[in-house]
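Student: my questions are about this predicted structure, shown below with the sequence.
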Amino acid sequence: MEKKTKQTGIQSEAHASDIGEKYGWKEMLHQMWKQNPLAILSAVLIIAIIAAAVFAPVIAPYKEAQQDLTARLQGPGMKHLLGTDELGRDVLTRILFGARVSLVVGIIPSVISLIIGLILGMIAGYFGGAVDYLLMRLVDIMLAFPSLLLSMVIMYTLGRYANSVICIFAALSITGWASVARVVRSQTLSLKESVYVEAARSIGVGKFRIMFRHIFPNCIPSLIVLFTLNVPSCILSESTLSFLGIGVQPPAASWGLMVNQSKQFLFGMPWLALAPSITIMIVVLAFNFLGDGLRDILDPYMQTR
Amino acid sequence: MKRVLGRIAGMIPVLLGVTLLIFILLRVVPGDPVSILLGEHYSQETIDRLTRVMDLDKPLIQQFFSYVGNAVRGNLGESYTMKRPVTTLILQAFPSTVKLALMAAAIAWVIGILAGIIAAVRQNKLLDHLFMGMSLAGVSVPIFMTSLFLQYVLSFKLKLFPLTSDGRLISLILPAIALGWNSAGSIARMTRSGLIDVMQQDYIDTAKAKGLTKASVILKHALKNSMLPVVTMMAIQLSSMMSGAVITESIFSIPGIGRLATSAIQNRDMPLLQGTVLFTTIIVIIGNLAADLLYSVLDPRIRRAV
Amino acid sequence: MRLKSVITTILAAALVLGSAVPAAADGEKILKLGWNKDIQTMDVHKTTDNYAIPLSIFDRLLEVQLNDDGSTELVNSIANEYSISDDGLVYSFTLRDDVKFSDGTPLTSADVEATFTRMFTLEDSVQTDFTTCIKGAQDILDGKTDQLEGIQVKDDLNFDIVLETPFAGFLSVLATPTCCIMSKANLEDAGSDFGLVPEKTIGSGAYMVKEWVTNDSMTLVRNPYYWGEPGSADEVHIKVYPEAASMNMAFQTGDIDILDCDFIDAAILESTYKTAYADQIVSVNRLGTYFFMMNTKVEPMQDLKVRKAIQMAIDRQSILDSIFGGAGVLVDGLYPAGSIGFTDENQGWLKYDPEGAKALLAEAGYADGFDLELAADSSASENRMNILQIAQQNLQDVGINAHIESYDESSWLAKRKSGEMSCFTSPWTLDYNDPSNLIDTFFGSPEATKGRSINYEDTDVMARVAAASSIVDEDERLAEYAALEKKIVEEDAAVLPLFSLQHQYVISDRVEHFTPHWAGYSDFNVYGVTMK
């Protein structure tokens, strides 16, 4: 591993430093559309879903969690486009409101792990020596855990203190930062030796200033890619935890929880489980396509994941 | 040899760190396994007695040192609910998980490498896009969906496979596919990019010039050289497979390690959860070490460098 | 082509290994059961989790018999006869002389003594709460002695059990799984293996465990020395299905003979089984009451009018119909429908009346409603969460701003025990068929009522509850229980009883007759199943 990451670092050095000048945003979009139209379509879809989540109270056909016990478990139809669940709640409405939880659960932990990973990765790479050794052993420790098991332990521990959604933020941030730190560290290592960082150092610019003025901006492309690929994996982890019954707890609704509550009806009343499942799949796929496209454009050498 | 010893020595702090972290996560928080054990029936007296018997009243530091001391000797404590040594439970469950993981790995390799080769050969053609799209889809579908879908269609409707695990290998095929699916996607992508890289190199042209067919060039030369990253990939996949096993074992009723973890969570059986997570993590660490060593054995450049 | 050969080898290997089907001998009657999780131990002194195996492999002195009309009666099991002294303190038993354990040794009074003594001397025993009424039990728990004074062996077949105070429910307690009779010699030999290793767990029941693969499966075979009629099934195969969807499919593919509908959603029962398996559904009354709890310590439920309003605000029938497919009856008192102590007099007074509830709330000064937390246990069944969700809507309809808060199981239990939990729902199924079981648990003492987050305040009533179980005259005792029920539920509105449910099972066409547990527990004695 050691050797491989170093290699990657060296290769990305030249690239990362001139990424800003090479492409403007417009040009980049154009290039992406040419190379990978799917990525652009995915981006549009993601924006649409985020908008749908934000405006859920306006566009949803029913009120959140409104029950109609006389219309339970109805199939898709004119009155309820995606049918109703076992308490007579409109499935489409629940998916729209569930998007709020699911997207937030995807995005917030990704942001937190990005920040932690960035800071620790830069510190490890820049300072080197004992700091680097200790931080990288910590990264090793975190990466050694099978992520689902570690999240389960964290849910188990925090479950009694905090709201389930907050617990999931914690669980997914704790399991997610280490791989970010590793990538950032290897980039920092190579950037540290670059001419302009040397130059900055020689005129007496402070360490933290160098890190944030010179190294951080060059990490941004990788961070964007990492973020885009981290979001779907968080959404998947949440749905898995919820499937096991230790994720989001009702009455809060996430897509994963909806699958968990309806998996029994998969046979007979399949729309109940399929609607949220397919939603998860589409959103995750969109994020993955986008991340893939971004990686091709921004950071063709990055080989994590 | 030096390298091997160095790597093994490097594992020790990681192992200690892992143990400490699990311990902190699980023990610093005062759980209440006693009330769960008693369910609806309890009196304060019974609760106090059990708390004492289960050593939950000892200071935390003392609990940690005795735990590490025992763990080194292979004793991971006694399960609160299953009433027997955690080590026994883990060793009983481990073979099931190993069988499942090996089969999943085999499936992932076969599907992944085949798809990767085909995609590389048909680079930028329809088949390539299709396979690469599918491999992305493979990592986008939650594993429980794949499992439920396979179980419903292939076992329940078509009756091709047993519904749940019954100890026979055939009953492990569906869970192994569900578990290997995600890895197959990543392996396919790696194989493809490795092959494309290698095929652009000079010696392949030389081989072609010597009159070898395209197929044999790919198999004999290119594939061999592009397999290195895939080998390491597989070890990294071990960790995600252990995660995935938690789900597949539950859906297909396989009595493996993942099931121990879920039942430990359900019953708030802290020693069992602690033991399972520790054990699984150690397996992952050893797997990574093995892959690392294998990598250096396979790759002559590294071997010479050391 | 090497890859091709690799694939063919793998497939061939899979097929070869897969074809080793463990075939059953012709005509063998195998009963196949599915559980959602494995049992923890067969040692009943160490678990309260699942009693199916202890019920099947051990005997009790007495047994509860479930009659076809749904009534229950106590019948002798390995006790041949018994008598009770006039002061209700001394129970004299005579054992059957033909009872043998599955290793061929006879069951004697010494085994009974060893069993009861172990219940209290075992350090991690969880079964002390019903039986501490036995004389000397408390002394063992206090560490003063290791001899149980209350069991007096006269000879191999005769012994007395002496109680500290009279306790009318004691005979019923003897029929609970708590009082499975174990073998003294076996307990001594097996040590900590007892309950975990099949061959070291010897009982006198109709079946014995042959094999147990943790978290996976269990095989039971007949006990060759069983004293009664041999069981109908030659073997019982139990398999664990953690996912309800898998269990559901397993029944339909013939891998399960008795599907416990507790594990599947009522809607599936309605849509699939009520049509395709209509004449294969077995129902038993669950001797239990589902409650909606109201903590009188929590603002503003200390106000009787508010509690009465909540009692009227919740549409119990619609909960019963929507969540449980209507399989049950509403009850207005504490005691489950059909149990001893249940009286028609205390029924029928409680009506769903949202307008009346609003009026009462206005009278109490809460016309604008108030905030109310409904506490959910996240590990409990989905049904319980759904009850709370409907209740939430009902309460909101009368202006009470109810919101649901999820707790993980141990926090939920801890919070309930601390007496701080505001509103929640919880079922109570009788451990033994006597009103004391329920009322003592909930209202027997200030600690009991605090520990269930009811915080009932009337200490006089609680003293009467505690005294009632020692009333020797049966009619007088039941009248007192009925009066207490009326006072607590109707006058003081301390709880809101919802309903008593039915427990439903779907049986396969291989099963001739199936007797569920008398109280409707999921754990039943496999001896009660007859195969075709």
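Tutor: Received, thanks. Numbers count the residues shown, from 1 in each chain, chains lettered A, B, ... in the order given.

Student: relative to chain A, which residue of the stretch 201-306 of chain B is the closest?
Tutor: B:Ser243 (3.4 Å; C-beta to the nearest C-beta). Bear in mind the C-beta positions are built from the backbone N, C-alpha and C, glycine included.

Student: can you give me every residue that contacts C:Pro166?
Tutor: C:87-89, C:469-470, C:472 (C-beta atoms under 8 Å, 6 or more residues apart in numbering or on different chains).

Student: which ones, among these, also lie beside chain A?
Tutor: When contact is defined as C-beta under 8 Å from any C-beta of the partner chain, these do not meet chain A at all.

Student: pull out the buried members of the residues you listed.
Tutor: C:88-89, C:469-470 (16 or more other C-beta atoms under 10 Å in any protein chain shown).

Student: wait, C:Arg286 touches C:Ser522, no?
Tutor: No. Judged on C-beta atoms under 8 Å, C:Arg286 makes no contact with C:Ser522 at a distance of 9.9 Å.

Student: which neighbours do those two share?
Tutor: With C-beta under 8 Å, 6+ apart, C:Arg286 and C:Ser522 have common neighbours C:His503.

Student: skipping its backbone neighbours, what lies nearest C:Phe342 in space?
Tutor: Spatially, and ignoring its direct neighbours in sequence, C:Phe342 is nearest to C:Tyr335 (4.4 Å; C-beta to C-beta, 6 or more residues apart in numbering or on different chains).

Student: that neighbour belongs to a helix, doesn't it?
Tutor: No. Going by DSSP: H, G, I helix; E, B strand; the rest coil, the assignment for C:Tyr335 is coil, not a helix.

Student: gap between the two ends of stretch C:500-518?
Tutor: 14 Å (C-alpha to C-alpha, to the nearest Å).

Student: look up phi and psi at the closest residue to A:Asp68 other than its chain neighbours.
Tutor: Nearest residue to A:Asp68, sequence neighbours excluded (C-beta to C-beta, 6+ apart): A:Gly88, at 3.8 Å. A:Gly88 adopts backbone torsions of phi 70, psi 20, taken as degrees, to the nearest 10.

Student: which residues touch residue 146?
Tutor: In the absence of a named chain, chain A is used. B:239-240, B:242-243, B:280-281, B:284.

Student: please go with chain B instead
Tutor: B:Thr146 neighbours (C-beta under 8 Å, 6+ apart): B:177-178, B:181.

Student: in a markdown table, list the buried ones among the contacts of C:Pro166 along with secondary structure.
Tutor: A markdown table is the format used below for these (three-state DSSP):
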| residue | secondary structure |
| --- | --- |
| C:Gly88 | coil |
| C:Leu89 | coil |
| C:Ser469 | coil |
| C:Ser470 | coil |
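
Student: pipe those residues into JSON lines and attach pLDDT per row.
Tutor: Below are the buried ones among the contacts of C:Pro166 laid out as JSON lines (pLDDT from 0 to 100):
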{"residue": "C:Gly88", "pLDDT": "89"}
{"residue": "C:Leu89", "pLDDT": "93"}
{"residue": "C:Ser469", "pLDDT": "85"}
{"residue": "C:Ser470", "pLDDT": "85"}
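
Student: nearest to chain A among those?
Tutor: Distances from chain A to these, taken by C-beta to the nearest C-beta, are shortest for C:Ser469, at 36.0 Å.

Student: roughly how far apart are the closest residue to the closest one other than its chain neighbours and chain A?
Tutor: Nearest residue to C:Ser469, sequence neighbours excluded (C-beta to C-beta, 6+ apart): C:Ser436, at 4.3 Å. Distance, C:Ser436 to chain A, by C-beta to the nearest C-beta, to the nearest Å: 34 Å.

Student: one step back: out of the contacts of A:Pro146, which comes closest to A:Gln74?
Tutor: B:Ser243 (36.2 Å; C-beta to C-beta).

Student: residues contacting C:Asp492?
Tutor: Counted by C-beta under 8 Å, 6+ apart, C:Asp492 has contacts C:304, C:456, C:458, C:461.

Student: please read the previous query as pertaining to A:Ile123.
Tutor: A:131, A:135, A:211.

Student: C:Asp97: which of these is nearest?
Tutor: Nearest member of these to C:Asp97, counting by C-beta to C-beta, is A:Leu135, at 75.9 Å.

Student: check which helix or strand covers the closest one.
Tutor: helix A:129-144 (DSSP states H and E).

Student: and for C:Thr530?
Tutor: Using DSSP H and E, C:Thr530 falls in strand C:529-531.

Student: tell me the mean pLDDT for that strand?
Tutor: The average pLDDT within strand C:529-531 is 93.

Student: list the buried residues of it.
Tutor: Neighbour-count burial for strand C:529-531 [16+ other C-beta under 10 Å]: C:529, C:531.

Student: re the thing from before, enumerate every residue touching the residue of the stretch 201-306 of chain B closest to chain A.
Tutor: A:146-149.

Student: what pLDDT does the model give B:Leu56?
Tutor: At B:Leu56, pLDDT is 71.

Student: three-state assignment of it?
Tutor: coil.

Student: is it true that it touches B:Val34?
Tutor: Yes. Counting by C-beta under 8 Å, B:Val34 is a contact partner of B:Leu56 at 7.3 Å.

Student: name the element the residue of the stretch 201-306 of chain B closest to chain A belongs to?
Tutor: Applying DSSP H and E, one finds B:Ser243 within helix B:223-251.

Student: do C:Phe499 as well
Tutor: strand C:495-507.

Student: identify the spatial nearest neighbour of residue 221, chain neighbours not counted.
Tutor: Because you didn't say which chain, this covers chain A. Nearest one to A:Pro221, counting by C-beta to C-beta, 6+ apart, is A:Leu298 at 3.8 Å.

Student: oops, wrong one, chain C.
Tutor: Spatially, and ignoring its direct neighbours in sequence, C:Val221 is nearest to C:Lys210 (4.8 Å; C-beta to C-beta, 6+ apart).

Student: tell me if the one you found really is in a strand.
Tutor: Yes. C:Lys210 forms part of a strand when assessed by three-state DSSP.
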